[in-house]
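[1] Need coordinates for the below:
(3 chains)
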Amino acid sequence: MFYLIIDLLGLVAFAISGVLAALHKRLDIFGVFIIAFVTAVGGGTIRDILIGINPVTWLQNNVYMYTIIITVILALIFREKLKYLRTSLFLFDTIGIGLYTLIGVEKGVAADLSAVMCIALGTITACFGGVIRDILCNDIPVIFHKEIYATACVAGGGVYFLLKLLPIPEDAVFILSIIIVITIRLLAVKFKLALPSIYKN
Amino acid sequence: MFYLIIDLLGLVAFAISGVLAALHKRLDIFGVFIIAFVTAVGGGTIRDILIGINPVTWLQNNVYMYTIIITVILALIFREKLKYLRTSLFLFDTIGIGLYTLIGVEKGVAADLSAVMCIALGTITACFGGVIRDILCNDIPVIFHKEIYATACVAGGGVYFLLKLLPIPEDAVFILSIIIVITIRLLAVKFKLALPSIYKN
Amino acid sequence: MFYLIIDLLGLVAFAISGVLAALHKRLDIFGVFIIAFVTAVGGGTIRDILIGINPVTWLQNNVYMYTIIITVILALIFREKLKYLRTSLFLFDTIGIGLYTLIGVEKGVAADLSAVMCIALGTITACFGGVIRDILCNDIPVIFHKEIYATACVAGGGVYFLLKLLPIPEDAVFILSIIIVITIRLLAVKFKLALPSIYKN
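    Residues are numbered from 1 along each chain as shown, chains lettered A, B, ... in the order given. Here you go, the predicted structure:
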């Protein structure tokens, strides 16, 4: 129940980031909804397809679809007010990527994949919704050239497997790893850290 | 047999819309063929992958590939004449999205998914070939900002589940729902209806 | 073992082509890595998903991930020197598409698909990593409008099924078909052959 609430908060934050991107491109209502939808569930969908979980998660439970529909409607009605929510949205988004990363990691573990692949799946779960959003909006994905985002996911996934070696309860490992992702992301934004752009001379 | 013919007419219309988009971008023959192919089968492929139908439909029956190859060859030979076929192509396309929507809905029903998810799958089947076409051509997908297109699919899918509650034969439900999609689409184009674009001030 | 080495050489060449594309777009290290990764494994991943092989190949063996990580690190360190390797890289790439095509064809055969579909899968395996690379970099895929690339794959796949009709050992058929792909590609580049671009007047 607790996880579901955080999961849905992350979903809401991701969906709103999709709404904002779609508004910026002046899409119609349907376009706004689709962009919100793929931003929110895209990462998990790619993960499910790569592992072979089918039907994919969002097809199996209407709560994702309904949450996104309601989020989009409210976001459109109160779109003038969204700027005042910037901090809350950033927090939801950050909690969302933390949770999504570890959900992805654990799905990889459940599919008996190696630690490296589980970390990759966690990162994909957290980041690739945004990648699809940017491709549909005809932009180069923002995570490829701005801020520490995926790096936080990779670090959180790595910590998960390190902590698992210690005599710590499973739930604590899960939550501590999420906190690592969130902390790195918050520090990166606070101190404007970004990976260096390396370009050819 | 009757359905297969309509299915192939839809495939032809979708493939030609791909050819026209690719010609506009001055691609080579191979590029034209690929764009035509993904436009025609892309929506159904995404649906199959999401549900977990594999190998995907077009891999299981050569008729799709051959139909598209012949369509592309003829479309290229007679490309100067395509403008005179505009009305026929629009009709095929409209019949195609009607049929594709309901095929997608019924595949969802066959996979025991909820009504909402079946409608989503129907809409994906009808619309996402065009979305992939536009992404490959480096455009923002046209259905996100022009005309009633996906909305007609959603409405047709909704009507399907309403009609199913009534004592009507299955075939009639299927065909009536297709007619709903086609009618909404035709009215939208005739009266130049479009969803409002909502942009942030 | 012999095949694995060629497979990894192809992987390295594809990954470096991804690095070069990403550097050109001034992405950060993570962006460079992702582009390199999808360029190298994207074609095989789409093939696996279409056929229904899951988890997809690269999830099942860490060697792909490690090879790409090492390639990206070395490519970034020696990025000034990459231009001197142009010929070697072109050769690896060409050998890579030859091998990837035939690996794809044989996966289709193993899944009991028709010859036409096996050839399509071989072409997808060899070419679609580059297509995803270009989409992520917000370019129209280069194989749609430049040089004989996919055509070489299709020809190699066709020759494979022709040779299979003759009393030739399986391994010889496999290698001869790869040589066909490589030869056509080399001749096309040497004589600057390209498919005609057909555009609407």
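
[2] Quick one: distance of the lengthiest helix in chain A to the chain centre.
    Ordering each helix of chain A by length in residues (DSSP state H) puts helix A:86-110 first. Relative to the centre of its chain, helix A:86-110 is centred 5 Å away, using Cα atoms, centre = their mean, to the nearest Å.

[3] go on, stretch A:26-38?
    18 Å.

[4] quick one: is it near chain C?
    No: using Cβ under 8 Å from any Cβ of the partner chain, stretch A:26-38 never reaches chain C; the gap is at least 14.5 Å. Quick note: C-beta positions are derived from backbone N, CA and C, even for glycine.

[5] And that stretch, what's buried?
    A:Leu27, A:Asp28, A:Ile29, A:Phe30, A:Gly31, A:Val32, A:Phe33, A:Ile34, A:Ile35, A:Ala36, A:Phe37, A:Val38 (16 or more other Cβ atoms under 10 Å in any protein chain shown).

[6] now do stretch A:144-161
    So, applying 16+ other Cβ under 10 Å, buried residues of stretch A:144-161: A:144-145, A:147-161.

[7] filter those residues down to the ones close to chain C.
    Applying Cβ under 8 Å from any Cβ to the buried residues of stretch A:144-161, those adjacent to chain C are A:Phe144, A:His145, A:Tyr149, A:Ala150, A:Thr151.

[8] Just the ones of the residues you listed in helices?
    Filtering those for helices - DSSP H - leaves A:Ala150, A:Thr151.

[9] Same list, the ones next to chain C among the buried residues of stretch A:144-161, but as CSV with distance to B:Arg133 and pLDDT please.
    CSV is the format used below for those (distance: Cβ to Cβ, whole Å; pLDDT from 0 to 100):
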residue, distance to B:Arg133, pLDDT
A:Phe144, 24, 80
A:His145, 27, 74
A:Tyr149, 30, 84
A:Ala150, 29, 89
A:Thr151, 34, 90
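
[10] Just name the closest of the ones next to chain C among the buried residues of stretch A:144-161 to chain C, please.
    A:Phe144 (2.8 Å; Cβ to the nearest Cβ).

[11] Tell me which residue is most central in chain A.
    Central residue of chain A (Cα atoms, centre = their mean): A:Ala126, 3.2 Å from the mean position.

[12] Helices of chain A, start to end?
    Using DSSP H, helices in chain A cover A:2-24, A:29-51, A:57-60, A:62-77, A:86-110, A:115-136, A:150-164, A:170-190.

[13] Can you tell me which of the ones you listed is nearest to B:Ala188?
    Closest to B:Ala188 of those is helix A:29-51 (Cβ to Cβ; 12.1 Å).

[14] Next, the contact list for A:Ile179, please.
    Counting by Cβ atoms under 8 Å, 6 or more residues apart in numbering or on different chains, A:Ile179 touches A:Gly98.

[15] again but with A:Leu82, I slipped
    Taking Cβ under 8 Å, 6+ apart, one finds A:Ile16, A:Leu20, A:Ala75, A:Leu89 in contact with A:Leu82.

[16] Can you tell me, leaving aside adjacent residues, what's nearest to A:Lys146?
    A:Ala194 (6.3 Å; Cβ to Cβ, 6 or more residues apart in numbering or on different chains).

[17] neighbours around that neighbour, how many?
    A:Ala194 has 16 neighbours, counted by other Cβ atoms under 10 Å in any protein chain shown.

[18] and stretch A:79-86, average pLDDT?
    For stretch A:79-86, mean pLDDT rounds to 79.

[19] what comes up buried for it?
    Under the neighbour-count criterion of 16+ other Cβ under 10 Å, stretch A:79-86 has A:Arg79, A:Leu82 buried.

[20] Show the end-to-end separation of that stretch, please.
    Using Cα to Cα, to the nearest Å, one end of stretch A:79-86 lies 12 Å from the other.

[21] Show me the shaky parts of chain A.
    A:1-2, A:147, A:198-201 (pLDDT under 70).

[22] which of the buried residues of stretch A:26-38 come close to chain B?
    Residues of the buried residues of stretch A:26-38 in contact with chain B (Cβ under 8 Å from any Cβ): A:Leu27, A:Asp28, A:Ile29, A:Phe30, A:Gly31, A:Val32, A:Ile34, A:Ile35.

[23] Enumerate the beta-bridge partners assigned to the second one.
    Partner residues in beta bridges with A:Asp28: B:Ser197, with DSSP bridges as the criterion.

[24] which residues sit against stretch A:185-201?
    A:90, A:94, A:97-98, A:145-149, A:151-152, C:20, C:23-24, C:26-30, C:32, C:76, C:79-80.

[25] Around chain B, pick out the residues from chain A.
    A:20, A:22-32, A:34-35, A:45, A:49, A:52, A:54-56, A:59-60, A:62, A:65-66, A:76, A:79-80, A:135-138.

[26] Could you pull up phi and psi at A:Tyr149?
    A:Tyr149 adopts backbone torsions of phi -130, psi -70, taken as degrees, to the nearest 10.

[27] Contacts only, for it.
    A:Ile97, A:Cys127, A:Ile143, A:Arg185, A:Ala188, C:Phe30.

[28] and which of the residues you listed is nearest B:Leu11?
    Nearest to B:Leu11 among those: A:Cys127, at 35.1 Å, using Cβ to Cβ.

[29] was I right about that closest one contacting A:Thr151?
    No: using Cβ atoms under 8 Å, A:Cys127 is not in contact with A:Thr151; the gap is 10.1 Å.

[30] Get me the contact residues on chain A for chain C.
    Counting by Cβ under 8 Å from any Cβ, chain A comes close to chain C at A:49-52, A:111, A:113-114, A:116-117, A:120-121, A:131, A:135, A:138-141, A:143-146, A:149-151, A:194-201.

[31] filter the residues you listed to the buried ones?
    For the residues of chain A next to chain C, buried by 16+ other Cβ under 10 Å: A:49-52, A:111, A:113-114, A:116-117, A:120-121, A:131, A:135, A:140-141, A:143-145, A:149-151, A:194-195, A:197-198.

[32] re the thing from before, elements contacting the longest helix of chain A?
    Helices and strands touching helix A:86-110, by 3 or more Cβ pairs under 8 Å, 6 or more residues apart in numbering or on different chains; DSSP states H and E, are helix A:2-24, helix A:29-51, helix A:115-136, helix A:150-164, helix A:170-190.

[33] Alright, calling it a day.
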